[in-house]
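1. the following block contains a protein sequence and its predicted model.
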Amino acid sequence: QAVPAGSHVRLNLQTGEREAKLPDRENGEGDTREERRRKRLGKVDVDANSFTSEELKKALAKMKESEKAERKVSFLFLKPCTVRKKFRPIEQLKEEFEKLNMKMETDYEIMVKLISKFNSSSSTLDEKVAALYDLEYYVHQV
């Protein structure tokens, strides 16, 4: 819900609801309900007879048609050859990183190593705890 600028907004921690209050007037008096309604709506024409349901349906249909046309145009410009030029396969990236003496691992590979470290009988308690903390990070991403 949009609220006018200068409104007092708070989160009620007891109910979990967001509340908004219009600022009081300078003389200390609060606005009447109708005045608050007019301020909230601003210069919008709220007369129920200003638009017929047919006019609204036509306007909505035009919006949907223009949106479909935009999607179609943007889809036409995405050709598979241009997408392939932008992205490289992971195997190729791994090879390039190995040439730089850097090893690139996927999250899956790291998780498998952490699980094997945790299950290993040669790991100390501190290593197992560290492996669990690291594993928690990667699992949280998934």
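-> Yep, it's here. Numbering: from 1, shown residues only.
2. could you use CA atoms for every contact and neighbour count after this?
-> Will do.
3. domain ranges for the protein?
-> 49-101, 103-141 (the TED database).
4. strands of the protein, residue ranges please.
-> 8-11, 18-21 (DSSP state E).
5. could the ones you listed be laid out in CSV, adding mean neighbour count and distance to Arg88?
-> As requested, the strands of the chain are exported to CSV (neighbours: other C-alpha atoms under 10 Å; distance: least, C-alpha to C-alpha, whole Å):
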stretch, mean neighbour count, distance to Arg88
strand 8-11, 12, 47
strand 18-21, 12, 47
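6. just put these in a markdown table and tack on distance to Lys85 and mean pLDDT.
-> Shown next, in a markdown table, are the strands of the chain (distance: least, C-alpha to C-alpha, whole Å; pLDDT from 0 to 100):
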| stretch | distance to Lys85 | mean pLDDT |
| --- | --- | --- |
| strand 8-11 | 49 | 83 |
| strand 18-21 | 48 | 84 |
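7. of those strands, which is nearest Ala69?
-> Ala69 lies closest to strand 18-21 among these, at 38.4 Å (C-alpha to C-alpha).
8. quick one: closest of the strands of the chain to Leu114.
-> strand 8-11 (41.5 Å).
9. local confidence estimate at Leu125?
-> Note on Leu125: pLDDT of 92.
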